[in-house]
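Participant: sequence first, predicted model second:
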Amino acid sequence: MPPEPPMTVYAHSGDINIAYQTVGEGPPDLLLIGDFASHVEGQWEEPSLADFLHRLARMGRLLTFDQRGTGVSDPVPLGTPRTLEEAMDDSIAVLDDAGADRAVLIGIGSGTPACCMLASTYPERFDRMVIVNGFARMGRAPDHPWGIPAGAQAKVLAEIEAGWGKGGAAEIFAPSLADDEAFRAWFARYRRMGASPRRAVEGMKVVFETDVRDVVPQIRLPTLVVHRSGDLHVRVGHGRDLADRIPGAEYVELDGDDHFPWIGDADAVLGEIEQFVAGERSIIEDDRILATVLFTDIVGSVSYTHLTLPTS
């Protein structure tokens, strides 16, 4: 049976309660900041995501949380979208409440700008940083041609409000499972649990307006940037640009079209993270060995049963 989901607890960030969970044991501590509109309880309902999180937690104590105004964190009034400063406050509040003096930052997608701000503002709280399928600026600019053009942004926002929580956009975030009815049903429910349509639009507007390109050259943490070459949500140019701007960053480009790193070849992503964090890939290799042993055992059992069935 799969492990029981961890308990949700709350950290106080000013007057706001931030819902978070911890799984695994450190050191090190790993602070995961993912895409907008998460739900720390709903994330365990999708097997591929739950497996990804548990495998991260084998590298250390994993901390995941819902941004203010989303998931099971305190709501905030519409018209007051979260700022990067508040994102930093909420992240530090989670670390403090969990008793984590230092952590490894792991950012996915739209969690990247907050990670970059944290790394440059609070370097004493973090040992290193990993960015997966991330960006410093999502909107297009004359010197940023892989961003989304201003004209297309309005269309994206309209589509978000009209189709939020209906299973749409799975073909963009997870094309490998876009035709999987169970995944689409979970994805629709997860988005509904994470945010309302209007809150999602406000959150995406913040994403389009955010630009941390002037911040990332100040980062001095050892940094790994991993990006899938065919990511349909965050084009690969974002990852290459981000790695170029962070001093000394290591860049790894992997095959695949899925934006969600737990979809597709998750082993490759986890292997790069573990190599960077722990200097080895024992967890990934152990998982492969276990899967091989289990498969061999199943095949052997089937063969044995077949051979010993009585004939009539």
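Facilitator: Sure, I can see it.

Participant: for I92, what are its contacts?
Facilitator: The contact partners of I92, taken as Cβ atoms under 8 Å, 6 or more residues apart in numbering, are 13, 118, 122, 125. All C-beta atoms are positioned from the backbone trio N, CA, C, and that covers glycine.

Participant: now with 6 Å?
Facilitator: Contacts for I92 (Cβ atoms under 6 Å, 6 or more residues apart in numbering) come out as none.

Participant: so which helix or strand takes in it?
Facilitator: For I92, the element it lies in under DSSP states H and E is helix 84-98.

Participant: can you check I106 too?
Facilitator: Using DSSP H and E, I106 sits in strand 103-108.

Participant: so F65 sits against A93, correct?
Facilitator: No. Applying Cβ atoms under 6 Å as the test, F65 and A93 come out as separate, 9.0 Å apart.

Participant: can you pull the residues that touch both of these two?
Facilitator: By Cβ under 6 Å, 6+ apart, the residues touching both F65 and A93 are I18.

Participant: tell me which of those two has more neighbours.
Facilitator: F65 (32 against 21; other Cβ atoms under 10 Å).

Participant: what sits against that one?
Facilitator: Taking Cβ under 6 Å, 6+ apart, one finds 18, 20, 94 in contact with F65.

Participant: and it, what are its phi and psi?
Facilitator: For F65, the backbone dihedrals (degrees, to the nearest 10) come out as phi -150, psi 160.

Participant: helix, strand, or coil at the nearest residue to it once chain neighbours are set aside?
Facilitator: Of all residues not flanking F65 in the chain, Y20 sits nearest, at 3.6 Å (Cβ to Cβ, 6 or more residues apart in numbering). Y20 falls in the strand class when you classify it by DSSP: H, G, I helix; E, B strand; the rest coil.

Participant: so Y20 sits against V94, correct?
Facilitator: Yes. At 4.8 Å, Y20 counts as touching V94 under the criterion of Cβ under 6 Å.

Participant: need the overlap of contacts for these two.
Facilitator: The contact sets of Y20 and V94 overlap at 11, 65 (Cβ under 6 Å, 6+ apart).

Participant: coming back round to it: from E41, how far out is the residue nearest to F65?
Facilitator: Distance of Y20 to E41, given as Cβ to Cβ, to the nearest Å: 11 Å.
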